[in-house]
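Trainee: Provided below are the primary sequence and the corresponding predicted coordinates.
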Amino acid sequence: AQKITQTQPGMFVQEKEAVTLDCTYDTSDPSYGLFWYKQPSSGEMIFLIYQGSYDQQNATEGRYSLNFQKARKSANLVISASQLGDSAMYFCAMREITGNQFYFGTGTSLTVIP
Amino acid sequence: DTAVSQTPKYLVTQMGNDKSIKCEQNLGHDTMYWYKQDSKKFLKIMFSYNNKELIINETVPNRFSPKSPDKAHLNLHINSLELGDSAVYFCASSQGPAGETDTQYFGPGTRLTVL
């Protein structure tokens, strides 16, 4: 089974609107971390936000927030007030407390329309 | 200051050649990784070192050999390059040891093109 699933290969959003990028995960570990990365067209991978499985509150970093629903095993990224510079690939990732692996999803390509 | 750096950024070479990609991190991290990103943007872990010790060795051709001279450096050597090796190779580092909060930070990537 896939550890991380991103079902939206491509998304479009109007500038200044909010957008949600979906991510579901699969683990039986009691403790795990969820991460989102941004990859703009220039190619670098930029760490955006982290959510721990035991965190009581949803993580926020500026315009990024993580909608964490543990029972549903989902960790959706919400970008508020989209900007043209948000156009990029976005990757969801998970790290379990056991093992050394970092599992990545297949990514979602976000295009912000002026 | 660049946290994770890779050289070269672009590498164009002929089939059959041997090439190396270098990676250095100045974050004081104990763990370093090599990933391959294919044309469909899929990221695949190749290797991971913790304090110069190999801890992840995924199924990659043995033409690929990592080398970690110290915990701040992880180089990737590729022998007998093939067309299918064309990809972007990312180096990353994390504090380590493994744990759910261990965030990875990536280098800028090396775009390898094999002709």
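Mentor: Perfect, thanks for sending it. Residues are numbered from 1 along each chain as shown, chains lettered A, B, ... in the order given.

Trainee: Tell me the residues of chain A that contact chain B?
Mentor: Contact residues, chain A versus chain B (C-beta under 8 Å from any C-beta of the partner chain): A:29, A:31-33, A:35, A:37, A:39, A:43-47, A:50, A:52-53, A:89, A:91, A:93, A:95-102, A:104, A:106-107. C-betas here are computed from N, CA, C, even on glycine.

Trainee: give me the low-pLDDT residue ranges for chain B?
Mentor: Low-confidence segments of chain B (pLDDT under 70): B:1-2, B:97-98.

Trainee: centroid residue for it?
Mentor: For chain B, residue B:34 is the residue whose C-alpha lies nearest the centre (C-alpha atoms, centre = their mean; 2.8 Å).

Trainee: Tell me what residue B:54 is bridged to.
Mentor: Here residue B:54 sits in beta bridges with residue B:49, going by DSSP bridges.

Trainee: same question, residue B:43
Mentor: Going by DSSP bridges, residue B:43 forms beta bridges with residue B:37.

Trainee: wait, what's in contact with it?
Mentor: For residue B:43, the contacting residues are A:91, A:104, B:35, B:36, B:37, B:90, by C-beta atoms under 8 Å, 6 or more residues apart in numbering or on different chains.

Trainee: One more: residue B:84?
Mentor: Residue B:84 touches residue B:114, counting by C-beta under 8 Å, 6+ apart.

Trainee: I'd like the distance from it to residue A:78, if you could.
Mentor: Distance of residue B:84 to residue A:78, computed by C-beta to C-beta, to the nearest Å: 38 Å.

Trainee: Shouldn't the residue nearest to the centre of chain B be within a strand?
Mentor: Yes - when DSSP: H, G, I helix; E, B strand; the rest coil is applied, residue B:34 is found to be in a strand.

Trainee: That one is in contact with residue B:47, isn't it?
Mentor: Yes - counting by C-beta atoms under 8 Å, residue B:47 is a contact partner of residue B:34 at 4.7 Å.

Trainee: Identify the contacts common to those two.
Mentor: Here residue B:34 and residue B:47 share the contacting residues B:66, B:74, B:76, scored by C-beta under 8 Å, 6+ apart.

Trainee: now the residues you listed as CSV including neighbour count, secondary structure and distance to chain A?
Mentor: Listed next are the shared contacts of residue B:34 and residue B:47 as CSV, based on neighbours: other C-beta atoms under 10 Å in any protein chain shown; DSSP: H, G, I helix; E, B strand; the rest coil; distance: C-beta to the nearest C-beta, whole Å:
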residue, neighbour count, secondary structure, distance to chain A
B:66, 21, strand, 14
B:74, 29, strand, 14
B:76, 22, strand, 17
